[in-house]
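In: no FASTA, just this:
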């Protein structure tokens, strides 16, 4: 069996490491996005636990293809959350030096923002791109908050310097957590690195606020896919 692929559903793609992969769980920010956009847009999780920008760059070349036969079409927004693993201490297997991180993330952005051949803003509007970055940690083994801030700064610089037809924004995740009403420890899982349900809630609020401000991404103004049951005329011959 196959599921019909049409361009009727706008798509939001979330791309990143374990912080993204786990965000489909109870209280996860991607699960909350899917709820907020139900019957308005499809929200796809493309998170890969343990990945740094090195692996993510390889995957991005395959994931964000420009083929008209791509499985995920009509992408209206892409949320990229990387840097949590890259910023691990030097000497650890996952460590990616700051300048390589900058280069890798910039290359990923180039891929995501690339315009398909013969595309126009009417047939294929460029996606809104939102960059996230490393959050603070409370479990200091192999992680250092000074490094988290450094890598978050790089994310902000890349977003501000971006020159694409796509609009590129970023959320300073480090500041988001350190200025939250709750202590940072309450926003993190017991391992001091991954998100707690409350942490994901804080992230959802910030991400959803950004998305709603973009043209065509305020759920209340988006078209409901297929008619409401009360107005669904099964005898009608018009295309739905």
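Out: Looks like it came in fine. What you see is a predicted model, and the numbers here were worked out from it, not measured in a lab.

In: Now do the phi/psi pair for residue 55.
Out: Residue 55 adopts backbone torsions of phi -70, psi -40, taken as degrees, to the nearest 10.

In: burial measure for it, as a count.
Out: Per other Cβ atoms under 10 Å, the neighbour tally for residue 55 reads 17. C-beta: built from backbone N, CA, C; applies to glycine.

In: And the one 4 residues further on, by the same measure?
Out: Using other Cβ under 10 Å, the number of residues around residue 59 comes to 14.

In: go on, residue 127?
Out: By other Cβ under 10 Å, 25 other residues sit near residue 127.

In: which residue is nearest the middle of this protein?
Out: Central residue of the chain (Cα atoms, centre = their mean): residue 79, 2.0 Å from the mean position.

In: okay but that one is in contact with residue 19, surely?
Out: No: here residue 79 lies out of contact with residue 19, judged by Cβ atoms under 8 Å, at a distance of 11.0 Å.

In: Can you tell me the closest non-neighbouring residue to residue 104?
Out: residue 53 (3.4 Å; Cβ to Cβ, 6 or more residues apart in numbering).

In: Same question for the strand or helix carrying residue 186: list its buried residues.
Out: Using DSSP states H and E, residue 186 maps to helix 184-187. Judged by neighbour count using 16 or more other Cβ atoms under 10 Å, the buried positions of helix 184-187 are 184, 187.

In: ok, back up a step: how about the residue nearest to the centre of the chain, secondary structure?
Out: Secondary structure, DSSP: H, G, I helix; E, B strand; the rest coil: residue 79 is strand.

In: Let me see the contact set for it.
Out: Applying Cβ atoms under 8 Å, 6 or more residues apart in numbering, we find residue 79 in contact with 12, 13, 14, 15, 16, 20, 130, 132, 207.

In: Could you tell me the per-residue confidence at the residue nearest to residue 104?
Out: Looking at residue 53, its pLDDT is 99.

In: For burial, what's the neighbour tally of it?
Out: Neighbours of residue 53 (other Cβ under 10 Å): 25.

In: can you check residue 133 too?
Out: 28.

In: Verify the contact between it and residue 170 for me.
Out: Yes: assessed by Cβ under 8 Å, residue 133 is found in contact with residue 170 at 7.1 Å.

In: Find the residues that touch each one of those two.
Out: Residues touching both residue 133 and residue 170 (Cβ under 8 Å, 6+ apart): 155, 156.

In: Report the distance from stretch 81-97 to the chain centre.
Out: Taking Cα atoms, centre = their mean, to the nearest Å, one finds the center of stretch 81-97 at 19 Å from the center of the full chain.

In: Just the residues contacting that stretch, thanks.
Out: Contacts with stretch 81-97, where a contact means Cβ under 8 Å, 6+ apart, come from 14-20, 47, 50-54, 56, 101, 104-105, 108, 131-135, 142-144, 147-148, 150-152, 154-155, 193.

In: List only buried entries from those residues.
Out: 14-20, 47, 51-53, 56, 101, 104-105, 108, 131-135, 143, 147-148, 150-152, 154-155, 193.

In: Right, I'll call it a day here.
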